[in-house]
Every structure is written in C-alpha cells, then in structure tokens.
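> missing the sequence, but the structure's below:
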C-alpha cells in the first residue's frame, strides 16, 4: 500500500500514547528516588553547626578525624539513615493499613500499635527504670507487637472473622484502655513523665547507630513482607468473593499484613516515637500520582515518606539554631495544612 492510499485516523481519534502507563510510573519513581538522595545529602550537609558543602562532601568520603568529620559520621549520617528507615516504615505501614482496612483515614495509631509501643515505654520507665532510648526501644517494640495481637484477637472474637470494621473498633477500644493505663502510671513518677514526654513528641535527636542497627532487621522484614502482599491486596480490593476467585486468601492476607504493620510501626515508633501524618497523608499522594494499584502505591510510599520525614527533620534543625524543633512537631505543623488543602482540592483518592 502506497503512502497516498494509506488510511488515516478518523477525526477526533486519540493518538496512541508513546509510553505505557507503567513506564511513566517507573519514571516518576526514579525521579522520587533522585529527590530522596538529594534530601539525604541535604540532611548530611545542613545542621546547627555550619559546615561548608565542599568540606561536607570531602569528609563524607574521607574521615580525617576532624571535628567536622566526627559530626557528619557519628551524628548526621546515622540520624539521616534512621530518618529514611522510619519514614519508609511509616509510609508503607500507612498504605498497607489503608488497603487492609479499606479506610482512607487509617494510620499507624488506628490499630493500637502506637499506644502499645507507648505502654511499653511507660512500663520500662516507671516499673523497670530504663533510662535510655536504647534500653526502652525493645519495650516499645514488644508493646506494639502485643497490642497488635490483642487487637486482632479482640476483633476476631465472637461470630464471623476479623473484618476491617471489627479491627478498627477493637483498635479504638484498646487504645482508650492503654491510654488510661499510661496516664495512671505516669502520674506516679514525675521523672518518668519528663522522659516519656520527650520520646512521645517524636524525634530523631539522640538516635544513632545504637538505635538504628537493632530496628533495621525488623523494618527490612516488614518492608519485604508488605511488598510481597501487593497482588493479594489488589485482588481483595475488588471484594472478598472476587479476590478468592483470583486466588487471594483474605484471612491470610490480613494476618500477614498485620504482621508487616506490627514490624514496621513497632520498630519505627520504638526508635523515634509516635510521628503523626506521615503514614496518613503520603499514601494519598501516592494514589493521586499512580492510582489505586498497590504494586505502585507501596513503592511510591516507600520513597516519598522518607523525603517528608527527613525534610521535616532538616527544617527542625535549621529553623532555630543552635536548638532544634523535634521532627514530630514539624511534620504536624507542615503536613496537616497540606493534607487539608489536598482534601479540599479534590476527593480522597480511591482505594
């Protein structure tokens, strides 16, 4: 067929896209990874002590034993790495929790995990007398794990299975009980109350390799398990009957999802304290960018959440030197208005 007789597209026809949607999503994810690397570099460079960028770059690769090298390698690098880990854990946990409960407002505190970690810290401070972050990080993680198990057992009690609605109600009830227990214990020990208040606000200050390394395996295992559940979550999003027909197992998926959430939220909360907003809003941003496909929502949440958390930590360090504002406060002050604007601009992205 010659060019003169070749058929032409009818008027109004849509030209085929040059790139399929998955290629565009992959490109966006690469851009997000680049933004994360830039944020990490800024976190290593900026702080209460002014160190030039050239000097920072030099001692980053060559530890010469100077004061600047000590600050960067012993303080800023582990703090930044912990911020990346905690941010990734909270973002993925929030996305996973919203997918399992089918609740767009779900966040790590919904199933009692944050309050369980808080109870572990309170018991460590009041009853055991543990004075350091490294000491009570294990109590916080154990409290988060036990709270998750208790909420699931409570939600599965009686007729039926542990549906998302039952889990949310059980988490709210268990959180109220633990809050009362924590308040009663802390009122008996003013010194423990002061220490708990510092942990409870959410902070990366004073957390170095001694805190980073113990929580690293738990967060890594939780992230891996969460990413392995993406196909099952997509199947369950179409309903349990359709999900079963597609080969998904609703109960097993929820149990494994609860385990992943416990590992992620428990370790992150134990290391940095309860940090709000990150696990709530970042998954919404991810769904606005890539749609409801969990195969993309979870990786985007994995990358975007550390950008928010580490960026908030940088802002807290430079806003009022030589002091600093804890990252939990910054994420609330910066993030909540953004989330409100997002909600007012358009409906929440569908799950």
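Cool, got the structure. Please read all numbers here as calculations on a predicted model, not as lab measurements.
> end-to-end on stretch 200-210?
19 Å (CA to CA, to the nearest Å).
> Ok, stretch 112-130 next?
First-to-last residue span, stretch 112-130, CA to CA: 23 Å.
> Tell me the gap between it and the middle of its chain.
Chain-centre distance of stretch 112-130: 21 Å, with CA atoms, centre = their mean, to the nearest Å.
> tell me which residues of it are tucked away?
Neighbour-count burial for stretch 112-130, with 16 or more other CB atoms under 10 Å as criterion, is recorded at 112-126, 130. Glycine gets a C-beta too; all of them are placed from N, C-alpha and C.
> Pick out whichever of the residues you listed sits closest to residue 301.
Distances from residue 301 to these, taken as CB to CB, are shortest for residue 113 (16.9 Å).
> And the pLDDT at the closest one?
Looking at residue 113, its pLDDT reads 82.
> mind checking which helix or strand residue 238 is in?
Assigned by DSSP states H and E, residue 238 falls within no helix or strand.
> Can you get me a residue count around it?
Residue 238 is flanked by 12 other residues according to other CB atoms under 10 Å.
> cool, residue 62 as well?
For residue 62, using other CB under 10 Å, the count is 8.
> Ramachandran angles for it?
Here is the backbone geometry of residue 62 (degrees, to the nearest 10): phi -140, psi 100.
> Likewise for residue 327?
The phi/psi pair for residue 327 (degrees, to the nearest 10) is phi -60, psi -30.
> what's the closest non-adjacent residue to it?
Nearest residue to residue 327, sequence neighbours excluded (CB to CB, 6 or more residues apart in numbering): residue 313, at 4.4 Å.
> Next secondary structure after the helix or strand encompassing that neighbour?
Using DSSP H and E, the element containing residue 313 is helix 294-318. Later in the chain than helix 294-318, the nearest helix or strand by DSSP H and E is helix 327-345.
> Next, the buried residues of that following helix.
Neighbour-count burial for helix 327-345 [16+ other CB under 10 Å]: 327-332, 334-335, 339.
> what's next to stretch 120-129, contact-wise?
130, 135-136, 139-144, 181-182, 185-186, 188-189, 192, 195-196, 199-200, 270 (CB atoms under 8 Å, 6 or more residues apart in numbering).
> Are any of these buried, and if so which?
By neighbour count, with 16+ other CB under 10 Å, those hold 130, 136, 139-144, 182, 185-186, 189, 192, 195-196, 199-200, 270 as buried.
> List the ones among these that fall in strands.
The members of these all map outside strands under DSSP state E.
> I'd like the average pLDDT over stretch 167-181.
Mean predicted confidence for stretch 167-181 is 86.
> Touching stretch 29-37 from outside, list them.
Contacts for stretch 29-37 (CB under 8 Å, 6+ apart): 84, 296, 299-300, 303-304, 306-307, 310.
> ok, 7 Å please
299-300, 303-304, 306-307 (CB atoms under 7 Å, 6 or more residues apart in numbering).
> which phi and psi does residue 102 have?
Dihedral angles for residue 102 - degrees, to the nearest 10 - are phi 60, psi 30.
> for residue 57, that is, sorry about that
phi -60, psi -40.
> Okay, now the unreliable bits of the protein?
1-20, 131, 133, 158-164, 239-247, 339, 342-351 (pLDDT under 70).
> where's the residue most central in space within it, which helix or strand?
Geometric centre of the chain, nearest residue: residue 90, 1.1 Å, by CA atoms, centre = their mean. Take DSSP H and E as the rule and residue 90 turns out to sit in helix 77-101.
> check contacts around the closest residue to residue 110 other than its chain neighbours.
Nearest residue to residue 110, sequence neighbours excluded (CB to CB, 6+ apart): residue 171, at 5.4 Å. Contact partners of residue 171, counting by CB under 7 Å, 6+ apart, are 110-112, 151.
> next one: residue 226
92, 96, 260, 298.
> please redo it, this time with the cut-off set to 8 Å
Per CB under 8 Å, 6+ apart, neighbours of residue 226: 92-93, 96, 257, 260, 264, 298.
> Which residues are in contact with residue 326?
Counting by CB under 8 Å, 6+ apart, residue 326 has contacts 201-203, 205, 316.
> One more: residue 302?
Per CB under 8 Å, 6+ apart, neighbours of residue 302: 88, 91-92, 223.
> The residues you listed: which two are farthest apart?
Comparing every pair within these by CB to CB identifies 91 and 223 as the most remote, at 10.0 Å.
> what about these two, which has more around it?
Taking other CB under 10 Å, residue 91 and residue 223 do not tie; residue 91 has more neighbours (32 against 20).
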